[in-house]
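>>> Just a sequence and a predicted model for now, questions to come.
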Amino acid sequence: MASKLLNHLRALYTTNNHSPSHRLSNPKLIFHLPRSFLSVSQSLLHARPYSDAPEPIPTGPPLPEKPPTNGGTTSYKKNVSRASNFSSSLNEAELSKFSAIAETWWDAEGPFKPLHLMNPTRLAFIRSTLCRHFRKDPHCARPFEGLRIVDVGCGGGILSEPLARMGAIVMGIDAVEKNIKIARLHADLDPVTSAIEYHCTTAEKLVEEQREFDAVIALEVIEHVADPAEFCKSLAALTVTSGATVISTINRSVRSYATAIIAAEYLLHWLPKGTHQWSSFLIPEELVLILQRASVTVQEMAGFEYNPLTGRWTLSDNVSVNFIAFGTKNHQ
Ligand SMILES: C[S@@+](CC[C@H](N)C(=O)[O-])C[C@H]1O[C@@H](n2cnc3c(N)ncnc32)[C@H](O)[C@@H]1O
């Protein structure tokens, strides 16, 4: 399945290689997904458990005009009231694993070492895609100036902080109280990051509060939630129309079993044993499809590859293990 997908994605890359939208510092590394990808996804997904009922997201009256994005509060608030029909994303067994290691978030040699090492690479993808989408200059010091971003499942804030340094108005949320405490303490060490708003809450609770953001980011979270399709619906509901949703996760492939579980947890001891459940991983087509059903169209996707010789992660066209997707919220 993984090699089939890879060949398909390679074919997509070849046909899109001359797209005028390839204006990245390293454009080779990001796929632009054409419509045909979705029909392939639909057929591959036939027997998957993520075939959620085609329940429409409730739509209210037209949204109010956006308030200005320089300064002010972290999120927009809709002036429509709507009852929440988003089920809880909480998986208590997963959350207790994170609670047990919350103090180690900022230990670059601790259990979150792989995320620390991946951070510059995933930020490169986020910077490129968001700057292109929101027409910002990726080369300036604060390219996200004024953008309202929520970092869902922020952990200790290792992504929220650089987003704030890039000028974004950041809200970081996590279901584990200890994570939020650590994130708050660390962010307060620097005046720039002390502006981050941290809350112990969930995406679905923010939906209930009718919050909306220009960009909704959930990195390495979807594999830990109770229901990925419901979680994506909440992320989509938090994204303004035409806004951006970014998700990274791990592919359910033979290679990910060998590397992300056997090697990372049992041989290299990078992560505590049992951190990941292979069956909770999503293949890229599944992610594309559940996002599409939630009204988010995936526009770009890239893989992350680890080089054991340099100890560095790079963006790649290989989505067989770690991958990241950038989508935009459709007009309803
Ligand atoms: C692997 S960590 C990723 C942290 C951060 N996104 C990053 O990549 O640096 C997963 C995080 O998601 C949080 N989490 C898991 N399920 C959640 C949920 N349903 N709602 C909010 N946070 C959740 C966990 O507490 C944990 O901090």
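Structure received. Numbering: from 1, shown residues only.

>>> could you list every residue that touches the residue of the stretch 51-200 of the chain found nearest the ligand?
Closest to the ligand within the stretch 51-200 of the chain is G153: 2.9 Å, counting by C-beta to the nearest ligand atom. The C-beta positions use only the backbone N, C-alpha and C, and glycine is treated the same way. Contacts for G153 (C-beta atoms under 8 Å, 6 or more residues apart in numbering) come out as 173-175, 218-221, 224.

>>> Phi and psi next, for the residue nearest the centre of the chain.
By C-alpha atoms, centre = their mean, the chain has its centre lying nearest to I247, at 2.3 Å. Main-chain torsions, I247, degrees, to the nearest 10: phi -130, psi 140.

>>> now D174
Given degrees, to the nearest 10, the pair of backbone angles that D174 has is phi -150, psi 150.

>>> ok so, going back, what about the residue of the stretch 51-200 of the chain closest to the ligand, distance to D107?
Per C-beta to C-beta, to the nearest Å, G153 is found 19 Å from D107.

>>> if I read this right, R165 contacts P191, doesn't it?
No. Taking contacts as C-beta atoms under 8 Å, R165 lies outside contact range of P191: 11.0 Å.

>>> Of these two, which one has the most company?
Taking neighbours as other C-beta atoms under 10 Å, R165 and P191 compare with R165 leading, 15 against 8.

>>> Per-residue pLDDT of the more buried one, please?
Predicted confidence (pLDDT) for R165: 98.

>>> The closest residue to it other than its chain neighbours: neighbour count?
Among residues not flanking R165 along the chain, V192 sits closest, at 5.6 Å (C-beta to C-beta, 6 or more residues apart in numbering). V192: 13 surrounding residues under other C-beta under 10 Å.

>>> V192 contacts A164, correct?
Yes. If you go by C-beta under 8 Å, V192 and A164 touch, sitting 6.1 Å apart.

>>> okay, the closest residue to A108 other than its chain neighbours: pLDDT?
Using C-beta to C-beta, 6+ apart and skipping residues adjacent in sequence, the residue nearest A108 is H116, 4.9 Å away. According to the prediction, H116 has pLDDT 96.
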